[in-house]
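Chemist: After the sequence you'll find the predicted model.
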Amino acid sequence: MTTASGAVVTPKHRRPAVTARTVRRAALPAPRALATAVERDAGTVVLVAGSAGTGKTTLLATWARDLESRGDAVGWASLDRDDDEPSVLAQSIAEAIRGALATGPDRRPTSPDGADESDANDGDSGGSESNDGGARVPTLDGAAKPRVLVDEVVRVAASRDRQLWLLLDDAHVVRSATSRALLDRLIRWAPANLHLVMATRSEPDLHLARLRVEERLVELREPELRFSLDEAGELLRLHGLSLDAGDVDRLHQLAEGWPAGLGLAAMSLSRGRDTDTFLQEFAHNDRAISSYLVEEVLSTLEPDAREFLVTTSVLDRVDPDAAAALTGRPDARAMLLELSADSAMVTAVPTGTAAPDTFRYHSLLRSHLAALLASQGSGRLRRAHRAAARWYLASGRPRQALHHAREAGDDALASEVIRRQALHLLTEGQADEVRRTVAELATEDPLVTGMAALALGELADPQAAREALDRLSERMPEARGAVALGRAAGGGSPPLQDLVSLGGRMLALISRPAEPQGSSRARTAAPRTTSVRSLVGRAHHASVAAVPSGRFGPSGPPGSGRSRLSGSASPGPSGHAGANGFAPEAGHGVGHGVANGVGHVARSDAWEHHALDFSLLAGLTDGGELLAAGRFDEASRAFRDVLETARRTGHELVALQAMSGLASVCAGAEDFQGVDLWSGRALRMAEGTPWQRSPRLLPAYVLAAWSAYHRMDDDAARRRNDVARTLLAESASPVDGGPGPDEGSPRQRGLAQLGRMSRLLDAHLALAVDRSPSSTYAVARSVRADVRAIATQSLTEGMAANEVVSIHELLLRAGCARMAPEVEDVAAHLGIDPLRLCVMTALRLLHEGDDDAAREIVHDVLAEPDAASWRDVVKAELMAAVLASRRGQPWRSHELLVAAMERAAPEGAVRLVVDTVPGVPDLLLADAGRFGPLERFASDLLEHVAEARPVPASRREGRLTARELSLLRELPSLLTIKEIAAARSVSANTVKTQLRSIFDKLGVSSRREAVAAGRRLGLL
């Protein structure tokens, strides 16, 4: 091949063609000289480093074309193994520079932004290669010594006015010290118009640190070279393909943005392959991908490196120690570091801790390696998985251990993982993994069955949990002997009785309540059910009943400095603390042992590593039992203890569940600050974790949404409630993967209540947006259907009362007061607090206009405020304030309004004040500026009043003159008319005249009414 000037271009110096199917990388434009390099009178160095198939060569080819179109000279050299010889490398560089200078006009050097720096054309034209009076370019003697030849290249480049770009593809082949020194010399002495671009698969052993300090280096690495989603779509379009957005995204994820993989996929699809079938087979069976990986990646490695990759391909994340265990190579870390340096298809993944990095293989490479391993025989594949399982088990990573044990088909090893680590798996939310593993094992091991029972309880599968507990209850004498032998053999298994006891308590939370003894159902119950009831039913009731006599043991109540689950040492019968501070217990009574937190967890050394996980599960169960029983203070202590330990020990999911439980407790106890605190903390802590959208956080989402609604942050309430509705739709249970608890069980009642609360909040939010008659009636009907279910499907009476009150308020706000008596009847049937029922009735009467009857009821409520909840007292005081105002008692009205605000302000109960009692917003507007220490809270209230009462622009402008508007804005002050007149330098009569005009225009008769009207109209 020859250029237009007749220069011969060898294959090594022939740049690849840029075709119509080449994706233009708009985010990676052709480089320019760095200003910081020009200041040093030195060339710019561009490093393009990425694994095979990341599009380095194509990118350099497009750059070459763009650089030439810009007027720069471009030299190209595709290096090969021969270039690891210094003389060959020097000749390749010299020929590339000769080719660059053989074409195009010469120009003065350009500035970094591309502008011509010459003052005028030097007269050189017609492609002349002259400079300095027309002298010929010195011949580059290929026979010269390498160092001399490179120096000649530098001299020739410095003698030219033109920008010269030397593009070296496959620079990773340059490995010898002498060749690297040659490149370093070229880089070091390159003049300001000579720039070097190197494409390499591995990190070049050059003085890159010095170049970074000198600000001469531009670096593009694997992340920048990967195709974006848009670029992947463009590539497919250039191949004539029209895939929908979902398929493009799926292909992009499978290839991880790897350009070669995407290109090969595009070629396969352009031949008419079915898209769905191809995407299903792409990662595992595509021959083009496999051939490319073999030819371009694996063939370049030494046999021992290939063997290392194949063996460790069973690992999702390759820990160096795990790799050493699988391969028997103590230098596994060094091998991984070398592989990651040579190929970006093996990358280091920072752990974010002081622990060593792990490594990962590109998904397509890993799939190919796994296929190679499987092709070498199932025995070798099983051995690799078995070795991985044992390493993960010894390292305390049971989820991975269980996965590899199952992949190895080793039932004995899987059973060992279940026996030793199932409790930890449960605290990490892996109950379904435990259940599926035990189902596959078909083992009669009682401890494995016991672990499965706990998993089934976590998954809210009462029938299967009951069956597992039945099997254990029938074999308890034999099981105790098996457990003793297991502990003596060092199996590390927990006491079976403790598992059965906790399983029974979990079952009580998800199964239907026991029928009365005289019922037909009890008489026809199967023997197995009877045996379970005899084993765990009484224990469950005993454990709840035993709380006052020492549920929290010697640790004392919260705030005493000792916590049942904090790990503080408690002396046992023998005078010393048990494992993790839990004292050994004598005897096997479930009501005694489990009720004190962990039962008999410290009876043997083998049980020590189970104590923490068992105590956390037992603590969560404690909290659930006490919450269902309406014993909020004790439930709060149980959840707080769990939270303290979970935070300290890194049990993230358990901590989230404890926070969600605390939010539920606060909701039942009407502690709305606590609801906001704990639900908000749970959702913030869950951000960025696998549990962010878990059904386990459903209570937190629902309660956080209601908390935002009470603060009148409707946007946040809507966002959180949208997530809650999604979680409700995705799962029949707050626990992932379960079939759902029995009808009437505590967990099912709680789930049903959360569903109603979410629907009710939707109704409130809809009413806040649209209060047209048709809309309000539809909203009222939507919640009416849930009223009757409250009586039978609520977790606690307190929570049921809150629901009833909220529905009642919504009906009144919607103008459907005629439906409210039905809700009051339900409230009376629930046994709601009489004072709360009185407040509900008074509020309805106020809406109906029966002020006298409402006043009489409110008077009775306020006669004993300590007997009512703070919210009911606030409502009563607000109603009394409105009624006093209507009777012409402004000072009494103001006193009652202030009293209500004093109770509501600490709770942040904005909506309670603003949007519950009709007429209160007018009182707030009229009394603005008179709230003293409550002024900040009053400002928040008034801000929401203004938002709820948008005023048309025409009315906001008003009919007042500029002087009248100015005077109106002084009326909320405490200045007298004489003082206002003096401040305005006018007579008092002038002020009185202006006031009369203001009163006439606003339709009021007093200064106080004028201020209220001005606020309503948006004039103040």
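Modeler: Received, thanks. A quick note: this is a predicted structure, and the numbers were derived from the prediction, not measured.
Chemist: can you pull out the helices in the stretch 1-150 of the chain?
Modeler: Here the stretch 1-150 of the chain has its helices, by DSSP state H, counting those that start in this stretch, at 35-39, 56-69, 86-101, 146-158.
Chemist: How far does the first one sit from its chain's centre?
Modeler: Relative to the mean C-alpha coordinate of its chain, helix 35-39 is positioned 44 Å out (C-alpha atoms, centre = their mean, to the nearest Å).
Chemist: for the record, mean pLDDT for that helix?
Modeler: Averaged over helix 35-39, pLDDT sits at 92.
Chemist: go on, the second one?
Modeler: Confidence for helix 56-69, expressed as mean pLDDT, is 92.
Chemist: looking at the helices of the stretch 1-150 of the chain, which is closest to Ala729?
Modeler: helix 56-69 (46.0 Å; C-beta to C-beta). C-beta: built from backbone N, CA, C; applies to glycine.
Chemist: How many neighbouring residues does Ser772 have?
Modeler: Neighbour count of Ser772, defined by other C-beta atoms under 10 Å: 8.
Chemist: Please name the residues that touch it.
Modeler: By C-beta atoms under 8 Å, 6 or more residues apart in numbering, Ser772 lies in contact with nothing.
Chemist: can you give me phi and psi for Val1004?
Modeler: phi -120, psi 170 (degrees, to the nearest 10).
Chemist: and the strand or helix carrying Leu643, what does it pack onto?
Modeler: In the assignment (DSSP states H and E), Leu643 maps to helix 632-649. Here helix 632-649 touches helix 608-628, helix 652-668, going by 3 or more C-beta pairs under 8 Å, 6 or more residues apart in numbering; DSSP states H and E.
Chemist: so it versus helix 652-668, what angle?
Modeler: 160 degrees (axes from the mean of the first three to the mean of the last three C-alpha atoms, to 10 degrees).
Chemist: Give me the mean pLDDT for helix 632-649.
Modeler: So the average pLDDT for helix 632-649 ends up being 94.
Chemist: Could you tell me how far it lies from the centre of the chain?
Modeler: With C-alpha atoms, centre = their mean, you get 23 Å for helix 632-649.
Chemist: Could you do stretch 24-44 as well?
Modeler: Worked out by C-alpha atoms, centre = their mean, stretch 24-44 lies 39 Å from the chain centre.
Chemist: What lies in contact with it?
Modeler: Under the contact criterion C-beta under 8 Å, 6+ apart, stretch 24-44 has outside partners 46, 55, 59, 62-63, 66-67, 70, 110-114, 163, 165, 187, 190-197, 214-218, 220, 224-225, 228, 231.
Chemist: Select only the buried ones of the residues you listed in PyMOL?
Modeler: Buried residues among these (16 or more other C-beta atoms under 10 Å), as a PyMOL selection:
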select buried, resi 46+55+59+62+63+66+67+110+163+165+187+190+191+192+193+194+195+196+197+214+216+217+218+220+225+231
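Chemist: can you map out the helices along the stretch 351-500 of the chain?
Modeler: Under DSSP H, counting those that start in this stretch, the stretch 351-500 of the chain gives helices at 363-375, 378-394, 398-408, 411-427, 431-441, 446-458, 462-474, 476-488, 496-510.
Chemist: that older thread, could I get the helices and strands packed on helix 632-649 as TSV with distance to Val917?
Modeler: Converted to TSV, the helices and strands packed on helix 632-649 look like this (distance: least, C-beta to C-beta, whole Å):
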stretch	distance to Val917
helix 608-628	31
helix 652-668	23
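Chemist: OK, contacts around the residue lying closest to Ala157 once chain neighbours are set aside?
Modeler: With C-beta to C-beta, 6 or more residues apart in numbering as the criterion, Ala157 has its nearest non-adjacent residue at 4.0 Å, and that residue is Leu194. Counting by C-beta under 8 Å, 6+ apart, Leu194 makes contact with Gly43, Val154, Ala157, Ala158, Leu164, Leu166.
Chemist: what residues are up against the residue nearest to Val1004 when sequence neighbours are not counted?
Modeler: Computed as C-beta to C-beta, 6+ apart, the closest residue to Val1004 that is not its neighbour in sequence is Ala1010, at 4.9 Å. By C-beta under 8 Å, 6+ apart, the contact list for Ala1010 reads Leu968, Leu971, Leu995, Ile998, Phe999, Leu1002, Val1004.
Chemist: Looks like the first one contacts Ala1012 (just checking).
Modeler: No. Counting by C-beta atoms under 8 Å, Ala1012 is not a contact partner of Leu968; they are 11.5 Å apart.
Chemist: Any figure for the gap between Asp722 and Val702?
Modeler: 11 Å (C-beta to C-beta, to the nearest Å).
Chemist: quick one: which of the two has more around it?
Modeler: Val702 (30 against 14).
Chemist: Specify the beta-bridge partners of the residue nearest to Ala157.
Modeler: Leu164 (DSSP bridges).
Chemist: mind checking how far Pro834 is from Gly849?
Modeler: On the measure of C-beta to C-beta, Pro834 and Gly849 end up 24 Å apart.
Chemist: One more: Arg759?
Modeler: Arg759 is 30 Å from Gly849, by C-beta to C-beta.
Chemist: what about the two, which has more around it?
Modeler: Using other C-beta under 10 Å as the criterion, Arg759 and Gly849 rank with Arg759 on top: 16 against 9.
Chemist: okay but that one is in contact with Ser782, surely?
Modeler: Yes. Arg759 lies in contact with Ser782 (C-beta under 8 Å); the separation is 7.2 Å.
Chemist: if we can go back for a sec, show me the contacts of Ala1010 that map onto helices.
Modeler: Leu968, Leu995, Ile998, Phe999, Leu1002 (DSSP state H).
Chemist: Adding distance to Ala90 as columns, could you present these in JSON lines?
Modeler: As requested, the ones in helices among the contacts of Ala1010 are exported to JSON lines (distance: C-beta to C-beta, whole Å):
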{"residue": "Leu968", "distance to Ala90": "89"}
{"residue": "Leu995", "distance to Ala90": "98"}
{"residue": "Ile998", "distance to Ala90": "95"}
{"residue": "Phe999", "distance to Ala90": "99"}
{"residue": "Leu1002", "distance to Ala90": "94"}
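Chemist: Which one of these is nearest to His403?
Modeler: Set against His403, the nearest of the ones in helices among the contacts of Ala1010 by C-beta to C-beta is Leu968 (73.9 Å).
Chemist: ok, the spatially closest residue to the closest one that is not a sequence neighbour - contacts?
Modeler: Counting by C-beta to C-beta, 6+ apart, Leu968 lies nearest to Gly1014, which is 5.3 Å off, once chain neighbours are set aside. By C-beta under 8 Å, 6+ apart, the residues touching Gly1014 are Leu968, Leu971, Leu1002, Leu1020.
Chemist: For burial, what's the neighbour tally of the last one?
Modeler: The reference is to Leu1020. 20.
Chemist: Next: Thr54.
Modeler: Count around Thr54 with other C-beta under 10 Å applied: 27.
Chemist: residues in contact with the residue nearest to it when sequence neighbours are not counted?
Modeler: Once flanking residues are discounted, Thr54 sits nearest to Leu225: 4.2 Å by C-beta to C-beta, 6+ apart. Residues in contact with Leu225 (C-beta under 8 Å, 6+ apart) are Leu28, Val48, Gly50, Thr54, Gly55, Lys56, Leu59, Pro259.
Chemist: Repeat that for Ala17.
Modeler: By C-beta under 8 Å, 6+ apart, the neighbours of Ala17 are Ala61.
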